[in-house]
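**Q** Give me the fold of what follows.
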Amino acid sequence: PSFQEKNPNVTITVQGGGSGAGLSQASDGSAQIGNSDVFAEEKDGIDATKLVDHKVAVVGIAPVVNSDVQITSLTKEQLRNIFTGKVTNWKEVGGNDEKIVVINRATGSGTRAVFEKNILDGQDAVQATEQDSNGTVQKIVKTTPGSISYLAFAYLDSDGIKALDLNKVHPNKQNVEDNSWPILAYEHMYTKGKPTGATKSFLEYFTTKEVQKNIVPKLGYIGLTDMKVTRDASGKVTDK
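**A** Modelled structure (predicted):
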């Protein structure tokens, strides 16, 4: 049974707006829980000491191209060079003579922050079309020849787009679990101080075996219980 079925007196209201909005609304008390793809410590203007982190899942993120692009793998350096504008034609990385069209995520996006932290090594991204959501990026990459972007794993299985290997490593669940795949993020639920009452119950529900083993994978995420390593806000990896 869902949390709502078990707790019929609790009302849950969900609002969009990205990781920045989730963190700031949890901080100022306008939301009991703020969802974020990034650690609070990574977000400017947020006092992480006032927030309590509750990790609920892991998301893998992969570079994707329009299916007309004739390559299947890039090195991390090649991917960085594309997103910083140093490489502008697919022939420079072993593909056909075709202009590269970069599609990026919006500036406040947690997914973008994770991608840039893991791939760009502090360099600035090239000026490009920016989109707010995985769904919109998926549609645009499908319909734009020569395009490249990045998507959460849940959006990879779609006609017209192709996920790329990175340094010959395939973007899949197993490679995220043991940290072979570099672009991953925790899904955080932040609260202002320790949670109580219905908020506490709601967060505890997300760590139950039923949710971690059944619901989380169905949504295209990876359960915390399946992870063989943990990463902290500084990117340090330790075995579980």
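
**Q** list the contacts for residue 87?
**A** By CB atoms under 8 Å, 6 or more residues apart in numbering, the contact list for residue 87 reads 78, 81, 93, 100. No exception for glycine: its C-beta is placed from N, CA and C like everyone else's.

**Q** Please, a PyMOL command that selects the buried ones among the residues you listed?
**A** A single PyMOL command is used to select the members of those judged buried by 16 or more other CB atoms under 10 Å:
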select buried, resi 78+81+93+100
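
**Q** Closest one of the contacts of residue 87 to residue 176?
**A** Closest approach to residue 176 among those (CB to CB): residue 78, at 21.0 Å.

**Q** Of the contacts of residue 87, which belong to strands?
**A** When the contacts of residue 87 are checked against strands (DSSP state E), there are no matches.

**Q** Looking at the contacts of residue 87, which is nearest residue 136?
**A** residue 100 (19.3 Å).

**Q** tell me the contacts of residue 116?
**A** residue 125.

**Q** Pretty sure it sits in a strand.
**A** No - Residue 116: not assigned to a strand; according to DSSP: H, G, I helix; E, B strand; the rest coil it is helix.

**Q** now the helices for the protein?
**A** 3-6, 18-28, 76-83, 110-119, 134-143, 173-177, 197-206, 209-210, 216-218 (DSSP state H).

**Q** Minimum distance to residue 165: which of those has it?
**A** Residue 165 sits nearest to helix 173-177 of all these, at 9.8 Å, using CB to CB.
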